[in-house]
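Asks: everything below, folded, please.
(chains A and B)
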2 protein chains.
Amino acid sequence: MPSPSSEETERGFVVPIGGAEDKIADQTILKRFVSLSGGSDGHILIIPTASSLEDTGDRYVSVFTELGVGSTDVLRITDREHAQDSDRVARLNTATGIFMTGGNQLRLSTILGGTPLATAIRRLNAKGVHIAGTSAGAAFMSEHMIAFGAEGSTPHAGQVTLAPGLGLTNSVIIDQHFQQRDRLGRLLAALAFNPFMVGIGLDEDTAAFIGPEELIRVVGNGGITVVDVSELSYSSMATVRENDPVELIGIRLHVLAHGARYNLNDRQAEPGGNR
Amino acid sequence: MPSPSSEETERGFVVPIGGAEDKIADQTILKRFVSLSGGSDGHILIIPTASSLEDTGDRYVSVFTELGVGSTDVLRITDREHAQDSDRVARLNTATGIFMTGGNQLRLSTILGGTPLATAIRRLNAKGVHIAGTSAGAAFMSEHMIAFGAEGSTPHAGQVTLAPGLGLTNSVIIDQHFQQRDRLGRLLAALAFNPFMVGIGLDEDTAAFIGPEELIRVVGNGGITVVDVSELSYSSMATVRENDPVELIGIRLHVLAHGARYNLNDRQAEPGGNR
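Replies: Numbering: from 1, shown residues only, chains lettered A, B, ... in the order given. Model prediction:
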């Protein structure tokens, strides 16, 4: 769960990205993250743990450097011993932004879960450091994460597997590659277990910049599907049989695009007007 | 997640019970809960939502009355509308203890999740009200709960389904009917996703009285299996295939009985010496 933030320092942004963010042309999302993290005075540390490819971290070093960040580096964490090593954990202390790459979110949770590195990321976020994650990196950010699941737009029993995530926020549960992989059903199934969170379905090349005041700003070229179950009057998840559709009555849904805002406190949406 | 506790008031106990607690002979656990909740000055409110039987709440009214509690009553919450009804929620305000019965934990999470009733229970616990739950009521208490799973002592991929729980604590994940239903494997599988919690396997007629200082006192006739994964060096959950065993290296396990204590902060156990 999120570390408590003191009254003097403002919590940093939490920025889940739907994957496949543009790295070459208009780079809207990554540009905004660099600027948020201090621009030419910033230091962005990249954690490529989710990926099993060798060069994932270095690709982001090139992109962030090109976008004019002050400095950027890769923190290689490929096993639990690394995540408990105090020298590696100390390298986080100079970061103004932390970026978690895509890959497999279960690599992140199994390698970072319960380690001093995970605790340090939560504490730094509470002190004002901004944390972004793309694809698997996005899924991992919340207290409850979607580990994996099946495609399709109708929720089914047994469709989704949840696991504990990093815990930067407990207001939302995040899904990514949302439109591209037909994931409404699994997001609804995840919410059907215990309807207290807001579901955030992120299309590719689209990000939710979640500010300390619990306000989401939509940035990017795709849509964000917001699923609000605060008025849900019925969920059949307790009784439904494996592979049968889960009944849900009273879902509110919003589809938001670049420039739109969504307030997680009062659950009100403000359109971007396709600016 | 737990409501923040102010500095003046001490948080109430969280008391998961492994199910089938003795209601007729020595009644050790229920007696202790009555005494903790103020004895003849106490008021215990029973929430039988997990159960689909009509008389579950009334049975506990008889038992608590016989044990000398000041007063006791049943709060009937069988759908989401009840859990949003301000008159029902207000009835919690006079309780010194709240007791959640057994049944199906997904009934609890689907009916109470995200409602004012769930928020009220967390706030009251932060203000000193003691909360107990047996069987399904125990599973539901933590932030991450085991919704269901398969038997067996070796953890397997796909063996366990997690769901968000009530969030009275995020230090532990609870399993119940532990020895009786051969559940070590599913508890280990749950921990393998993200090894930050302590696993608590409760035998029947056995309870963990978890105090505000994060100290567990073991009460009852069975054992509590404590699974500490803080020194885990490897979890294969990210790569294992469905139905294959999950590899876990570096688990610490304790089996504790009546009178024993376990400190969730420093993860040290103190035996009860079979008192």
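Asks: surely residue A:249 touches residue A:229?
Replies: No: counting by Cβ atoms under 8 Å, residue A:249 does not reach residue A:229; the two are 10.2 Å apart. C-beta here means a position set from N, CA and C on the backbone, and glycine is covered the same way.
Asks: so which of these two has more stuff around it?
Replies: Using other Cβ atoms under 10 Å in any protein chain shown as the criterion, residue A:249 and residue A:229 rank with residue A:229 on top: 22 against 11.
Asks: where does chain A dip in pLDDT?
Replies: Counting by pLDDT under 70, chain A shows low-confidence ranges at A:7, A:275.
Asks: helices of that one, residue ranges please.
Replies: For chain A, the helices defined by DSSP state H cover A:28-36, A:56-66, A:86-90, A:105-112, A:116-126, A:136-139, A:184-193.
Asks: which positions in the stretch 151-275 of chain A make contact with chain B?
Replies: The interface of the stretch 151-275 of chain A toward chain B, taken as Cβ under 8 Å from any Cβ of the partner chain, is made up of A:158, A:161-165, A:167, A:170, A:192-197, A:229-230, A:232-239.
Asks: which of those residues fall in strands?
Replies: A:161, A:162, A:163, A:164, A:234, A:235 (DSSP state E).
Asks: for residue A:46, grab the count of nearby residues.
Replies: Summarising burial for residue A:46: neighbours were counted as other Cβ under 10 Å, giving 26.
Asks: rewinding a little: same list, the helices of chain A, but as TSV with mean neighbour count please.
Replies: As requested, these are exported to TSV (neighbours: other Cβ atoms under 10 Å in any protein chain shown):
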stretch	mean neighbour count
helix A:28-36	21
helix A:56-66	17
helix A:86-90	13
helix A:105-112	27
helix A:116-126	20
helix A:136-139	28
helix A:184-193	26
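Asks: hmm, back to that, make a PyMOL selection of the buried ones in the residues of the stretch 151-275 of chain A next to chain B.
Replies: Restricted to buried positions by 16 or more other Cβ atoms under 10 Å in any protein chain shown, the PyMOL selection for those reads:
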select buried, chain A and resi 158+161+162+163+164+165+167+170+192+193+194+195+196+197+229+232+235+236+237+238
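Asks: can you put the helices of chain A in TSV and add distance to residue B:256?
Replies: Below are the helices of chain A laid out as TSV (distance: least, Cβ to Cβ, whole Å):
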stretch	distance to residue B:256
helix A:28-36	48
helix A:56-66	44
helix A:86-90	32
helix A:105-112	27
helix A:116-126	27
helix A:136-139	36
helix A:184-193	30
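Asks: those helices: which one's closest to residue B:96?
Replies: Distance to residue B:96, taken as Cβ to Cβ, is lowest for helix A:184-193 among those, at 30.4 Å.
Asks: so what touches that closest one?
Replies: A:144, A:146, A:149-157, A:159-160, A:162, A:173, A:175, A:178, A:197, A:199, A:201, A:225, A:227, A:229, A:235-237, A:246, A:248, A:251, B:106, B:109-110, B:113, B:147, B:163-164 (Cβ atoms under 8 Å, 6 or more residues apart in numbering or on different chains).
Asks: any chance of CSV for the ones in strands among the residues of the stretch 151-275 of chain A next to chain B, columns distance to residue B:15?
Replies: Below are these laid out as CSV (distance: Cβ to Cβ, whole Å):
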residue, distance to residue B:15
A:161, 29
A:162, 25
A:163, 26
A:164, 23
A:234, 30
A:235, 27
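Asks: of all those residues, which comes closest to residue B:212?
Replies: Using Cβ to Cβ, those come closest to residue B:212 at residue A:164, 23.0 Å.
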